[in-house]
Structure formats: structure tokens, C-alpha cells
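1. Need coordinates for the following:
(chains A and B)
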Amino acid sequence: GQQVQQSPASLVLQEGENAELQCNFSTSLNSMQWFYQRPGGSLVSLFYNPSGTKHSGRLTSTTVIKERRSSLHISSSQTTDSGTYLCALEQQGGSAKLIFGEGTKLTVSS
Amino acid sequence: DPKIIQKPKYLVAVTGSEKILICEQYLGHNAMYWYRQSAKKPLEFMFSYSYQKLMDNQTASSRFQPQSSKKNHLDLQITALKPDDSATYFCASSQDWVQDTQYFGPGTRLLVL
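-> This is a model prediction of the structure:
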């Protein structure tokens, strides 16, 4: 089965609302990364977060290893936040391979 | 200035032909990777290199051959192209090979007719 599952698959918000994106994984991890994929396709690294909570502006990432989940919280969403958010995990075991989820497509309307 | 350069941005190829996708990174990183994103599929790992040495190969087909002529270059040669090879190919790099942030290039969109 899928080792990395993201939810929801899509999310529609009004500008100013908050969003909580989830990533659940079924394997032990070395690290978790969150990316933003622009509508044109390029990927922007948002967080490298193997455990605990990290903040960057309006974004917060929390990884709880024991519960095998990671989340991305977006506060006060803006139309420019629209795009696809991907989580990717690096498994334990000595490979740098990232295993990606299918993504959450976020649409923020004004 | 872009720190990871991929060339070309778009590529159209004929079935059976051969193409080379170029990747150069100017981040001073020691590890480089190739990933592929096909329509409606998650990003999929292909290869990883560290200090120009192949570390991991998850591509079943030998038609895909990475080539590292310099530490900051990792090109991808694809031979005997098939329509199923149509995808966006992303190059990435990180300072260290494991447990480090990977940064992605803008991608090369390949269409095989």
C-alpha cells in the first residue's frame, strides 16, 4: 500500500481562513519534507522537519514520529497560497530517496 | 539567480529516439538526484549520487542512464524513448546525501510522440 498518504486531496478556502494539511506515513522515517508545487510545476522547499514543530511566517509544520503523522498549518490564507502541497519522507535505512504523497491541492479565493 | 538549472525546459521527442536532460547546481552541494513526475502520479525517485558516485538506483529500465561529468552536474540520458516516458523530470540536490534538505530544479517537461 501507499507509504505516504496526504489528506485532504483538495481544499477550497476563502482568503483569510486557516488550513490544516495532513500527511500520514506507514514506515519509519529519517526526515519529513514539505514542498509547495507552483501551478507551473516547480517545487519550493517549505520545511525540513524530522520531528517537532517548526515555524516560517504563516506556516507551521509539526511532525509526530510516534503517531506517524506530519501536518502543515497555513494561517490567514492568501490567494497566492494556491497550489499543491506535497509531503515527502526519507525512510530509515540509508537511502536519501524521498517518497512523496499525492499532494493536497489548495485553492484560495478572494 | 536560479541555483539549479535544468535544460531544456520543454522537450518533444519521437518514439525510439534518444535525449539528454541537463542538470547543473550552483549550491555547492555534494549530492544530486533525479525524480520523475508523470501525469496523475506522485513524484517518483529515480537516482541519487553523492560525490559523483551512484548511491541508489530505483529505475528498472537501463534505458535511463545518469551521467556525472563534474561534481555539480548530473545529466540524464534516456534511450529508445517510449510514450510512457512522457513526464516532467526534476533534478534535485542536497548538501549531504542523507538526512538533509533536498532542493529541486524547475524541471524538464518531456513529451514523447
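
2. Is residue A:77 in contact with residue A:18, as I believe?
-> Yes: at 6.8 Å, residue A:77 counts as touching residue A:18 under the criterion of Cβ atoms under 8 Å. All C-beta spots, glycine's among them, are computed from the backbone N, C-alpha and C.

3. Show me which of those two is the more surrounded one.
-> Higher neighbour count among residue A:77 and residue A:18: residue A:77, with 21 against 11, using other Cβ atoms under 10 Å in any protein chain shown.

4. The more buried one in helix, strand or coil?
-> Three-state call for residue A:77 (DSSP: H, G, I helix; E, B strand; the rest coil): coil.

5. what's the spacing between it and chain B?
-> To chain B, residue A:77 is 23 Å away according to Cβ to the nearest Cβ, to the nearest Å.

6. ok, now which ones touch that residue?
-> Counting by Cβ atoms under 8 Å, 6 or more residues apart in numbering or on different chains, residue A:77 makes contact with A:13, A:15-19, A:58, A:106, A:108.

7. ditto for residue B:71
-> B:30, B:51-52.

8. now the residues you listed in CSV, with neighbour count?
-> Below are the contacts of residue B:71 laid out as CSV (neighbours: other Cβ atoms under 10 Å in any protein chain shown):
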residue, neighbour count
B:30, 17
B:51, 11
B:52, 14
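
9. Looking at those, which one is closest to residue B:90?
-> Of all the contacts of residue B:71, residue B:30 has the smallest distance to residue B:90: 18.5 Å, by Cβ to Cβ.

10. separation between the closest one and chain A?
-> Separation of residue B:30 from chain A (Cβ to the nearest Cβ): 11 Å.

11. Is it correct that that residue is in contact with residue B:96?
-> Yes: the criterion here is Cβ under 8 Å, and residue B:30 meets it with residue B:96 at 6.4 Å.

12. low-confidence ranges in chain A?
-> Low-confidence segments of chain A (pLDDT under 70): A:1.

13. Show me the strands in chain A, by range?
-> A:4-7, A:10-14, A:19-25, A:29-37, A:43-48, A:52-56, A:59-64, A:69-74, A:83-91, A:98-100, A:104-109 (DSSP state E).

14. Could you save those strands as TSV and add columns showing mean neighbour count and distance to residue B:105?
-> As requested, those are exported to TSV (neighbours: other Cβ atoms under 10 Å in any protein chain shown; distance: least, Cβ to Cβ, whole Å):
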stretch	mean neighbour count	distance to residue B:105
strand A:4-7	19	22
strand A:10-14	14	26
strand A:19-25	20	23
strand A:29-37	21	13
strand A:43-48	18	9
strand A:52-56	12	22
strand A:59-64	19	22
strand A:69-74	21	23
strand A:83-91	23	15
strand A:98-100	23	14
strand A:104-109	17	22
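
15. mind giving me TSV with those strands and columns for distance to chain B?
-> Listed next are these as TSV, based on distance: least, Cβ to the nearest Cβ, whole Å:
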stretch	distance to chain B
strand A:4-7	8
strand A:10-14	14
strand A:19-25	12
strand A:29-37	5
strand A:43-48	4
strand A:52-56	12
strand A:59-64	13
strand A:69-74	15
strand A:83-91	7
strand A:98-100	4
strand A:104-109	12
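
16. Just tell me which of these ends up closest to residue B:43.
-> Among the strands of chain A, strand A:98-100 sits nearest to residue B:43 (Cβ to Cβ), with 4.1 Å.
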